[in-house]
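**Q** what's the 3D shape of this:
(chains A and B)
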There are 2 protein chains.
Amino acid sequence: MSNGGKGPAAGTANDGGLSRRGLLARTGAAGAAGAVLGAAGSSYVYSALDGSGRKEKDDGRAGTALSTVGSTRAMFHGKHQSGILDPSQAHGHLTAFDLVPGAGRKEAVALLRRWSAVAEQLMAGERTAQDTGVALDAGPSSLTVTFGFGHSFFDRTGLAAHRPRQLDPLPDFSADRLDAKRSGGDLWVQIGANDALVAFHALRALQKEAGQAAKVRWQMKGFNRSPGATASPMTSRNLMGQVDGTNNPKPDEPDFQRRVFVPDGGAPAWMAGGSYAVVRRIRMLLDDWERLPLDEQEKVIGRRKKDGAPLTGGTERTPLALDEAGPDGKPVIPADAHARISAPEQNAGAAMLRRPFSFHDGLSPDGTPDAGLLFVCWQADPLRGFVPVQRKLDRGDALSRFVRHESSGLFAVPGGAVEGEYVGQRLLES
Amino acid sequence: MSNGGKGPAAGTANDGGLSRRGLLARTGAAGAAGAVLGAAGSSYVYSALDGSGRKEKDDGRAGTALSTVGSTRAMFHGKHQSGILDPSQAHGHLTAFDLVPGAGRKEAVALLRRWSAVAEQLMAGERTAQDTGVALDAGPSSLTVTFGFGHSFFDRTGLAAHRPRQLDPLPDFSADRLDAKRSGGDLWVQIGANDALVAFHALRALQKEAGQAAKVRWQMKGFNRSPGATASPMTSRNLMGQVDGTNNPKPDEPDFQRRVFVPDGGAPAWMAGGSYAVVRRIRMLLDDWERLPLDEQEKVIGRRKKDGAPLTGGTERTPLALDEAGPDGKPVIPADAHARISAPEQNAGAAMLRRPFSFHDGLSPDGTPDAGLLFVCWQADPLRGFVPVQRKLDRGDALSRFVRHESSGLFAVPGGAVEGEYVGQRLLES
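**A** Numbers count the residues shown, from 1 in each chain, chains lettered A, B, ... in the order given. You can find the predicted model right below:
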């Protein structure tokens, strides 16, 4: 296959049928990790190839279309793990695992080896050894799998001396209402895909590989816009209806890498190319929010709902005119507006790459929607990203009346594995 | 707008911004209800039109693509309600409502009027009166909204004399483990869309319109393949990995209409063009299922997992050779195989149009996945559709060891509203 990444897949099941890999479209659809491939639009002709790269006999379905939604593939190997720079997918699973009693470093090594091997197969659209078949027929669908280590992992594996100070517990925030059962965890796995069955399939496969070494501690499921549902590219909206993510650092900004990733030569060395993920289940009090008139909502945020432009005018990308006053002498963007308080220029440049999913788990016992944001943010150091911003929001954000932080996790996400390596090897074999 | 359906939308918010309707692509993407529009493939140029049909000034985004995923629109008005013949969407919400104490026919009339008006707006991609903004930027994304009446609705509204015998309670099935709190209901609303935010937005809007007249009784959320994730068209798979839906009646079959819809001149008259929906939350015992070797799974189903072909050979659409015996003299498709027992030819031709969603609500307290099928099937008469088939499955289906029916609902879904009418008007004003 001319997908530019790997040769024919040796491990692909060759049972005479179509391998999932066979559904991969031509080279244009296979992108390097982090490449932004517009998912709307052009389609690829279905090209039935078996695992050996030979063209199969026409099965009557040739000519039908597998769009880039299915055919886009993120690469497992690379400087960074997948799922950080890749475009947000329509479906996500966040799962934390705890090592079972008695399991230690040896079991963790074996687990990360198994997980890495399976993640690579899944992301390539290949079948796994005991495949459930749930993802059959589908392309890789931009599947990404990301692995992280929590604070407790290092104690469990005798690696406490290698634990980065960046994993020190986050400070308490006054508005936190954290559920310990849905917080923390030895290990964290983030799955994203543009097809729900592909995402579910990956979740089950990785859970199966955890086997007797690790048990699920908590599991959350989220979603984003479907590729093609909006004109592309547009910043997405959250369940409050707000444009969300405007101020995210952009990969072409000069300090992007420095803000998001641990540099080569950084400390600890095994985190080179890695990043720290802060994960929070943020419930939105939507009944309260939706009762607020539009103009009051916009003052809470500091931006227009319609297009995300600052209340001081312009378009979504126009900088906030924080000093501008209205006819009443008060700042147009109120002192407690969320956009003001979280603005990097108000936080000594502190910035993080937010890459969240929305969640909606039905109704709470009190009849309000159990919905909100699975907040995931990425930074080279939480003390220069999430912590200072959240501290400030905790003190004076007008939005805090309408949200509730219900769980929290902080994970060290090592750099991507190079060929022949498994994720976390530089830590686990140090 | 040349969408062939309606003129410019009078109710569209004209606040100087882009209306959601403005994102609708050209005529090719707007289809009559039930039209099968391949969602993969061709894209439509973003054409910014405001509510009055005038072309807006180029806002710098013209030329970006809103694919058919977003631009495809199902029509509210028609002989049948939407959400029955439309291709299954990637996201679905099933919700039952009970009228509040004291509410009766008058409140039900007002509610169905409000719901119909809002459903029409939502399906057209227009803003509603108190729009939350969650669906802004997105096209209609194949949104469908379907309304049904449960057995209890007729007592609550003084319409018991008009209740069809088809709403008589379903018989008990020995394997049922039904939760009454998640079963039944006065009213049922089915929402489907190819974008999660569009679906959520519709759910919230309809819940808001229920207001003081009706309260949510239960709510379930499901999913299907994303358009474009597979080569199209392919029968979808369920979370057991099985191709599911092969034997569905096809719209081009001569008895399709008769099987699925109540004919003009049928009884009761207000149900002309309508259908009965049986709704079941069917938990799959996936841990047990996935432990079963592939060949045993295939014997349970009677079909090959890979492609859904019968164990007697051929391809997915090949008829089952039910009489064929293997070298051991036993039938190749076992006597208790699910495909055999549910085959129409084994049930005096009983058939229903299955249009389910998969569900996955995390882990159960016992650590097993709370996942399976939100089974929704459509028929002109449950006694000639769901009931005889389920009776037979209940007695001898090999699959029953791996599934558990946890909830059940039966709803009369009236025909579609014609222009100027609201859904259910022929009942409520009879």
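**Q** in the stretch 201-350 of chain A, which segments are predicted with low confidence?
**A** Low-confidence regions of the stretch 201-350 of chain A, defined by pLDDT under 70, span residues A:232.
**Q** Could I get the full set of strands for the stretch 251-400 of chain A?
**A** According to DSSP state E, counting those that start in this stretch, the stretch 251-400 of chain A carries its strands in the segments A:275-284, A:353-354, A:357-363, A:369-379.
**Q** mind checking the end-to-end distance for stretch A:140-151?
**A** Stretch A:140-151 has an end-to-end distance of 32 Å (Cα to Cα, to the nearest Å).
**Q** returning to that earlier point: the strands of the stretch 251-400 of chain A: which one's closest to chain B?
**A** Counting by Cβ to the nearest Cβ, chain B lies closest to strand A:357-363 out of these; the figure is 5.1 Å. Bear in mind the C-beta positions are built from the backbone N, C-alpha and C, glycine included.
**Q** now the strands of the stretch 251-400 of chain A as CSV including mean neighbour count and distance to A:R114?
**A** Conversion of those to CSV gives the following (neighbours: other Cβ atoms under 10 Å in any protein chain shown; distance: least, Cβ to Cβ, whole Å):
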stretch, mean neighbour count, distance to A:R114
strand A:275-284, 24, 22
strand A:353-354, 22, 29
strand A:357-363, 20, 26
strand A:369-379, 23, 24
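**Q** got a markdown table for these, with distance to chain B too?
**A** Below are these laid out as a markdown table (distance: least, Cβ to the nearest Cβ, whole Å):
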| stretch | distance to chain B |
| --- | --- |
| strand A:275-284 | 11 |
| strand A:353-354 | 17 |
| strand A:357-363 | 5 |
| strand A:369-379 | 7 |
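**Q** Quick one: those as TSV, columns for distance to A:P319 too.
**A** What follows is the strands of the stretch 251-400 of chain A, written out as TSV (distance: least, Cβ to Cβ, whole Å):
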stretch	distance to A:P319
strand A:275-284	25
strand A:353-354	18
strand A:357-363	27
strand A:369-379	21
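**Q** looking at those, which is closest to B:R281?
**A** Ranking the strands of the stretch 251-400 of chain A by proximity to B:R281 (Cβ to Cβ) places strand A:357-363 first, at 12.2 Å.
**Q** Mind giving me the packing neighbours of the closest one?
**A** Contacts of strand A:357-363 with other secondary structure elements, assessed using 3 or more Cβ pairs under 8 Å, 6 or more residues apart in numbering or on different chains; DSSP states H and E, are made with strand A:214-223, strand A:369-379, helix B:196-210, strand B:214-223, strand B:357-363.
**Q** Could you check the angle the fourth one makes with strand A:357-363?
**A** In terms of direction (axes from the mean of the first three to the mean of the last three Cα atoms, to 10 degrees), strand B:214-223 departs from strand A:357-363 by 130 degrees.
**Q** With the longest one instead?
**A** On the basis of the same axes, to 10 degrees, helix B:196-210 is oriented at 30 degrees to strand A:357-363.
**Q** Check the offset of helix B:196-210 from the chain's centre.
**A** Taking Cα atoms, centre = their mean, to the nearest Å, the mean C-alpha location of helix B:196-210 is offset from the chain mean by 16 Å.
**Q** and the direction of that helix versus that of strand A:369-379, what angle?
**A** Counting by the same axes, to 10 degrees, helix B:196-210 lies at 150 degrees to strand A:369-379.
**Q** Helix B:196-210 vs chain A: in contact?
**A** Yes. Looking at helix B:196-210 against chain A by Cβ under 8 Å from any Cβ of the partner chain, the contacts come from B:196-198, B:200, B:204, B:208.
**Q** Pipe the residues you listed into a markdown table and attach neighbour count per row.
**A** Formatted as a markdown table, those follow (neighbours: other Cβ atoms under 10 Å in any protein chain shown):
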| residue | neighbour count |
| --- | --- |
| B:A196 | 28 |
| B:L197 | 30 |
| B:V198 | 31 |
| B:F200 | 25 |
| B:R204 | 24 |
| B:K208 | 16 |
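**Q** Can you tell me which of the residues you listed lies closest to B:F223?
**A** Taking the residues of helix B:196-210 next to chain A together and measuring to B:F223 by Cβ to Cβ, the closest member is B:A196, at 8.6 Å.
**Q** Spatially nearest residue to that closest one (excluding sequence neighbours)?
**A** The shortest distance from B:A196 to any residue that is not its chain neighbour, by Cβ to Cβ, 6 or more residues apart in numbering or on different chains, is 3.9 Å, and that residue is A:F223.
**Q** Report the contact partners of that neighbour.
**A** Taking Cβ atoms under 8 Å, 6 or more residues apart in numbering or on different chains, we find A:F223 in contact with A:90-92, A:357-360, B:91, B:196-197.
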